[in-house]
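Trainee: quick one: sequence plus predicted model below, questions after.
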Protein chains: 2
Amino acid sequence: MYFDVASTAPLHPVARQALTAALDEGWADPARLYRSGRQARMLLDAARETVAAVLGTRADEVSFTASGTQAVQLGLLGALSGNRRRGGHLLHSAVEHSSVLHVAERHAAAGGEVTVAPVDRAGRVDPAAFAALLRPDTALAALQSANHEVGTVQPVGEVAARCAEAGVPLLVDAAQSAGRMDVPAGWSLLTASAHKWGGPPGVGILAVRKGVRYASPLPADEREGGRVPGFVNVPAIVAAAAALRAVRAEAERENARLHELVERIRARVPQLVPEVEVVGDPVRRLPHLVTFSCLYVDGEVLLTELDRAGFAVSSGSSCTSSTLTPSHVLAAMGVLTEGNVRVSLPYGTAEADVERFLAVLPELVAGVRAPLGLDLPAPKAEPVAETSPPRAEGRAGAESEERQATDEGGSAGATSVGAGSERPEASARVTVIDALGKRCPLPVIELAKRIGEVPVGGTVAVLADDEAARLDVPAWCEMREQEYAGEAPAADYGGDRGSAYLVVRRS
Amino acid sequence: MYFDVASTAPLHPVARQALTAALDEGWADPARLYRSGRQARMLLDAARETVAAVLGTRADEVSFTASGTQAVQLGLLGALSGNRRRGGHLLHSAVEHSSVLHVAERHAAAGGEVTVAPVDRAGRVDPAAFAALLRPDTALAALQSANHEVGTVQPVGEVAARCAEAGVPLLVDAAQSAGRMDVPAGWSLLTASAHKWGGPPGVGILAVRKGVRYASPLPADEREGGRVPGFVNVPAIVAAAAALRAVRAEAERENARLHELVERIRARVPQLVPEVEVVGDPVRRLPHLVTFSCLYVDGEVLLTELDRAGFAVSSGSSCTSSTLTPSHVLAAMGVLTEGNVRVSLPYGTAEADVERFLAVLPELVAGVRAPLGLDLPAPKAEPVAETSPPRAEGRAGAESEERQATDEGGSAGATSVGAGSERPEASARVTVIDALGKRCPLPVIELAKRIGEVPVGGTVAVLADDEAARLDVPAWCEMREQEYAGEAPAADYGGDRGSAYLVVRRS
């Protein structure tokens, strides 16, 4: 069972037919004037019309790129360059796709300024807070239509309206929603990727509204309106357009069906598996995507177990052998970055397959957790009520909160172990857990093991040097209803730089 | 009959099979660890091994791009950036593909320096002359393996050896030869394009030798060794590799066969059509490509006629309605830029189809020429002997020659019409042809009509403002064995800037 359509979708049957036909009829260079060239041009023009109609734009505003990533790179760099008279400021949300973040890094390295707009605990930007970060020198703002890791749908329409008021162009990365949900009007640049909707790989979309300033970041080329260099891949474009039309036609029915299946996963996983947090906005979300985090579990190990059981799912997890960086999306949301499983259902996913997934999951998670020797509570009998109010702050908010907490944590540590540069020691009032050199999820596992020893009101300080622990300990506290008191740099007590005491008060 | 494989090749049957299979087996994200992802990764790795083996490089030196143009852009910009400590100087030949020229323009606009190495009348660089343009601050040199408009094979091995002596990396654009002919060793970066060898569109090759300094010009991305951003198009890459292996296996046999067919065109067209110049190196050439220029003919009109007769051919012609810029390749060679027809034969082209082409061509050219009322000599009974020595100078040489000629022409004009700012008038000694506002090929047509009126030793001055006329009048003289005496800016005689007297002495 392939449950990772957010990475890439299998080729839609309609796209396969169109591709085969277009390899016969549209293989020639559409810039040539002989018959086969004219035929390729006609197919290309028709595909452009189709894509424009589905995406709610004009054919002459649509360029075909080689990938969604290329569309994002060209769109951002081209609009930044075209609007550089306004200034060099770029605003984007904290949960954009890595392609946006990488362009922002490049922009900052080249002397530009970047502001990252925070999100709430559901991964959603607040339109007013986003708009408040616009500046007179903002050349471009960027906001995804929906998040690729947790499925949260962003308030694109409201943000677009506020950007328009401020006269700032808005780039909307619609990679996860194009074909499934209409993009609200008001965007200036729109990007998408065909292989996410069942088209072939090799086709991205960059739509630039008439009147939006754009200066190509690449050397000149006469193709695709001067925006995308290289031989135009007509057969793949034809197939991409055919798939887009097909999925759009099925969307209403399939969205409803997949929404119900995802709802089932959202409700049942916390009933079946102890210590699980379902993340992302429960209501304003993509119909086919759900993400949950299993406490104390290495996401990659769980994915391997699920693969053995026949399920292909993905993870934005940190704490894997390949990447030690926590998911920037989950970090910005302030939720657990460990044991993360993203399930994204292709069109046509059978109910029975979802049921089979729910049947095998509890055992697999239990198997991964077994060697840890944790005494876990039984899973909640009732579905998790998604009642906790969204956090008004996000990444930026979390940072200031952390700074504030640090002071508190520092005081807590200092109070318990005395002032000065001595290292905190275990005492009647503070249990110190030495998790130095232990990679996530080990620090949280140690904390979970020891918290029971601590009296209510007592304090535990987790000494850790894994960056992910600084995200996961507070997230664990939120989830287990413990009080996170903040963080004290270990260097203040003679410890290594980069390590910290993460202070928890037992509730 | 499709005779334009130099633009794009029809999909090779082996590539189609591989594509279909890989859409089933290799559609998933090769970065994922579940079964379908691992399978895509295996197919990708195997394709990389195949491409590396055929191109004579190592698999870990090969990156797959989205097109040949992208490969050229990334290769040039990445190597220029990686070697910027050497300096900001780029050297390339005058007959590179436009993608190279466009990067060079961008490089120059950003403050870099560019030197264009001249070619001889056959379109070939001289290795010693090329090497003499290398400088201590040369960051990169670029030379195509073979020319895309006239088929001339470049002395890549000799140039590579000289670049290596100078410690300058060499990028070889092998778009026209990859799969057909081995690229000589010694290159630092190699680029190619799969749709030129019968692979699908959407796949380019960028190979960078170990140890060659390279800094990606694009924002970071983890794919293709950090060189090419975006979802990897595994099915197309698998098909491209399969096609490359297949055409390489057929190359020896097909090259010999197509070489003979092209030889036939080279020999027969001048026998069948009056006033034709076959261009490009007659010996050191691509086996499947031949270009000839038909005097007094608008290339686009001839292409349309050939299309009606069922032949798809191409033209690097100037003087078309869509582009008023003469082909930079033909201009650099100093050959006629008008009435240009490029025939490039796909693998498997039947002898009978070439014969059919030779059968219809004379009539079609005569039909296009008929309204001009020219009295043309009969075509040469014998094949054109390619005996004229290659011109040692090329574009740069031609420029200095032009400057020199200009002085002569100026003197000639001044002598005949008196000094000062008066406009030259027709006199016993000078026939002035006013071709102002007349687009190529009209100036040359007028010249051909009037030259008969002029006594041997007499002078004709063509007053023209079409840029192409400045190339075509000298080329016509060379071909018709008339003496081109040079050019005098009309502004010197009170005429408009941009127009010139092109002075011819009847031989």
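Mentor: Structure's in. What do you need?

Trainee: point to the residue nearest the middle of chain A.
Mentor: A:Glu149 (3.5 Å; C-alpha atoms, centre = their mean).

Trainee: what pLDDT does the model give it?
Mentor: For A:Glu149, the pLDDT comes out at 95.

Trainee: if we ignore the residues flanking it in sequence, what's nearest A:Ala448?
Mentor: Counting by C-beta to C-beta, 6 or more residues apart in numbering or on different chains, A:Leu374 is the residue found nearest to A:Ala448 once chain neighbours are left out, at 5.8 Å. C-beta coordinates here come from the backbone N, C-alpha and C atoms, glycine included.

Trainee: could you grab the helix/strand/coil label for the one you found?
Mentor: The three-state label given to A:Leu374 by DSSP: H, G, I helix; E, B strand; the rest coil is coil.

Trainee: that one and A:Leu447 touch, don't they?
Mentor: No. Using C-beta atoms under 8 Å, A:Leu374 makes no contact with A:Leu447, being 10.6 Å away.

Trainee: who has more neighbours, the two?
Mentor: A:Leu447 (28 against 14; other C-beta atoms under 10 Å in any protein chain shown).

Trainee: so what touches the helix or strand encompassing the more buried one?
Mentor: Here A:Leu447 is covered by helix A:442-450, with elements defined by DSSP states H and E. Outside helix A:442-450, the residues within contact range by C-beta atoms under 8 Å, 6 or more residues apart in numbering or on different chains are A:295-296, A:338, A:372-374, A:431, A:433, A:435, A:438, A:460, A:462, A:464, A:466, A:469, A:472-473, A:476, A:480, A:502, A:504.

Trainee: the closest residue to A:Leu134 other than its chain neighbours: neighbour count?
Mentor: In space, A:Leu134 comes closest to A:Ala166 once its chain neighbours are excluded; the distance is 4.6 Å by C-beta to C-beta, 6+ apart. Neighbour count for A:Ala166, taken as other C-beta under 10 Å: 14.

Trainee: with A:Pro219 instead?
Mentor: Using other C-beta under 10 Å, the number of residues around A:Pro219 comes to 22.

Trainee: am I right that it is in a strand?
Mentor: No. Judged by three-state DSSP, A:Pro219 forms no part of a strand; its state is coil.

Trainee: what about the helices in chain A?
Mentor: For chain A, the helices defined by DSSP state H occupy A:13-25, A:35-55, A:68-82, A:98-109, A:127-132, A:156-166, A:234-272, A:299-308, A:328-333, A:351-369, A:395-417, A:442-450, A:469-480.

Trainee: redo the ones you listed as a markdown table? Include mean pLDDT.
Mentor: Putting the helices of chain A into a markdown table (pLDDT from 0 to 100) gives the following:
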| stretch | mean pLDDT |
| --- | --- |
| helix A:13-25 | 96 |
| helix A:35-55 | 97 |
| helix A:68-82 | 97 |
| helix A:98-109 | 95 |
| helix A:127-132 | 98 |
| helix A:156-166 | 98 |
| helix A:234-272 | 97 |
| helix A:299-308 | 93 |
| helix A:328-333 | 92 |
| helix A:351-369 | 97 |
| helix A:395-417 | 36 |
| helix A:442-450 | 88 |
| helix A:469-480 | 87 |
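
Trainee: out of the ones you listed, which gets nearest to B:Arg106?
Mentor: Comparison of the helices of chain A against B:Arg106 by C-beta to C-beta identifies helix A:68-82 as nearest, at 12.5 Å.

Trainee: residue numbers of the stretch 201-350 of chain A in contact with chain B?
Mentor: A:201-202, A:204, A:218-221, A:229-236, A:300, A:303-304, A:306-307, A:311-314 (C-beta under 8 Å from any C-beta of the partner chain).

Trainee: one more pass at 7 Å, please.
Mentor: Residues of the stretch 201-350 of chain A lying close to chain B by C-beta under 7 Å from any C-beta of the partner chain are A:201-202, A:218-221, A:229-231, A:233, A:235-236, A:303-304, A:307, A:312, A:314.

Trainee: thanks a lot, see you next time.
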